[in-house]
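Asker: Model the following, please.
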Amino acid sequence: MTDAWNPALYERFKHERAQPARDLIALVQPRPGMHVVDLGCGTGEITAELHAHLGAASTVGIDRSTAMLAQARPREAPGLTFAETDIAGFAPEAGIDLVYSNAALQWVEDHPAQLARVRRWLSPGGQVAIQVPCADDHPTHTVVFELAERYGTGSLYHGARRVLTPAAYAALLFKLGFKEQQVFTRVYGHVLPDLDALVTFFSSTLLNPYKAALGDERFGEFLQDYRDELAKHLGEPKPLFFPMARTLMWGRI
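Answerer: Modelled structure (predicted):
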């Protein structure tokens with residue numbers, strides 16, 4: 001599979017992407033000598049921050065993007081490692097104290113089954129801290145779904161089907177034996193310079209599957225159509241306010 005992830009493009013909006021990750025870290029209850037897994041670690045910057053914040057005994061960050069991991073591996077340190085693998089196929093030994101995942105599980109099918117797998121990895125008192133975007137009803141997403149039909153790819157992003165409601169996640173955590181939990185949706189208000197910045201923001205995430213499927217020339221056309229359609233919905237404000245909804249969840253067994 002073509003690796004369409006571009007670390008430099010992704011990092012261009014480092015501040016906007018980092019705040020939800022740090023809010024998620026703040027939910028974690030630290031304890032000595034933790035063994036931590038970060039599912040979908042990307043460039044590893046947040047993984048390294050999490051590892052240092054917890055003073056963890058071990059942290060492994062996994063990602064399926066070779067390009068992202070090339071940025072992550074120089075961050076390796078005592079107890080902190082990275083591995084190239086898919087979340088759905090990852091199977092660590094039991095005894096994990098924290099499974100952390102920031103903006104990655106929206107790419108993975110069957111969240112009830114995935115969370116059940118994660119639950120089996122945890123040691124007594126183990127925790128999960130997970131964040132998933134839930135902005136599929138915003139024009140940034142609905143326009144993509146419309147263009148996908150026009151370009152014949154069909155929808156290549158299924159976050160709306162995969163991501164559950166906060167109430168459903170809360171019920172699922174309870175069913176899986178999490179004695180404590182917090183689940184909530186927060187809207188992060190991003191103030192971007194203009195519409196082009198918003199297009200670039202999603203060119204590094206949501207639009208990646210379309211880039212891989214269409215090739216450079218047709219994706220260039222797709223991207224221009226995406227911008228044109230967004231302008232019809234959002235206009236050309238400068239600056240542009242973009243409200244990005246995300247669901248954060250924490251649980252401890």
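Asker: so where does the closest residue to residue 139 other than its chain neighbours fall, helix or strand?
Answerer: Computed as Cβ to Cβ, 6 or more residues apart in numbering, the closest residue to residue 139 that is not its neighbour in sequence is residue 233, at 3.9 Å. C-beta coordinates here come from the backbone N, C-alpha and C atoms, glycine included. Element membership of residue 233, judged by DSSP states H and E, is helix 208-234.
Asker: All the strands of the stretch 51-200 of the chain, in order from the start?
Answerer: All strands of the stretch 51-200 of the chain, identified by DSSP state E, counting those that start in this stretch, fall at 58-63, 80-84, 96-102, 122-133, 180-192.
Asker: possible to save those as JSON lines with mean neighbour count?
Answerer: Compiled in JSON lines, the strands of the stretch 51-200 of the chain are given as follows (neighbours: other Cβ atoms under 10 Å):
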{"stretch": "strand 58-63", "mean neighbour count": "24"}
{"stretch": "strand 80-84", "mean neighbour count": "18"}
{"stretch": "strand 96-102", "mean neighbour count": "25"}
{"stretch": "strand 122-133", "mean neighbour count": "21"}
{"stretch": "strand 180-192", "mean neighbour count": "14"}
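Asker: Between these, which one is closest to residue 199.
Answerer: Closest of those to residue 199 is strand 180-192, at 9.8 Å (criterion: Cβ to Cβ).
Asker: Give the pairing partners of that closest one; include direction for each.
Answerer: strand 240-252 (antiparallel) (DSSP bridges).
Asker: and the strand it pairs with, which residues are buried?
Answerer: Neighbour-count burial for strand 240-252, counted by 16 or more other Cβ atoms under 10 Å, picks out 240, 242, 244, 246-252.
Asker: Pull the most distant pair out of those.
Answerer: Counting by Cβ to Cβ, the most remote pair of the buried residues of strand 240-252 is 240 and 252, 38.7 Å apart.
Asker: give me phi/psi at residue 153?
Answerer: phi -90, psi -20 (degrees, to the nearest 10).
Asker: just checking, it touches residue 211?
Answerer: No. Under the criterion of Cβ atoms under 8 Å, residue 153 is not in contact with residue 211, lying 10.6 Å apart.
Asker: who's more crowded, those two?
Answerer: Neighbour totals were compared for residue 153 and residue 211, and residue 211 leads with 21 against 16 (other Cβ atoms under 10 Å).
Asker: re the thing from before, export the strands of the stretch 51-200 of the chain as a markdown table, with columns for distance to residue 142.
Answerer: Formatted as a markdown table, the strands of the stretch 51-200 of the chain follow (distance: least, Cβ to Cβ, whole Å):
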| stretch | distance to residue 142 |
| --- | --- |
| strand 58-63 | 28 |
| strand 80-84 | 33 |
| strand 96-102 | 24 |
| strand 122-133 | 14 |
| strand 180-192 | 17 |
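Asker: May I see the ones you listed arranged in JSON lines, with distance to residue 226 and mean pLDDT as well?
Answerer: Shown next, in JSON lines, are the strands of the stretch 51-200 of the chain (distance: least, Cβ to Cβ, whole Å; pLDDT from 0 to 100):
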{"stretch": "strand 58-63", "distance to residue 226": "26", "mean pLDDT": "98"}
{"stretch": "strand 80-84", "distance to residue 226": "30", "mean pLDDT": "97"}
{"stretch": "strand 96-102", "distance to residue 226": "25", "mean pLDDT": "98"}
{"stretch": "strand 122-133", "distance to residue 226": "17", "mean pLDDT": "97"}
{"stretch": "strand 180-192", "distance to residue 226": "15", "mean pLDDT": "96"}
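Asker: Looking at those strands, spot the one closest to residue 167.
Answerer: Closest among the strands of the stretch 51-200 of the chain, using Cβ to Cβ: strand 180-192, at 7.9 Å.
Asker: Can you tell me the centre-most residue of the chain?
Answerer: residue 103 (1.4 Å; Cα atoms, centre = their mean).
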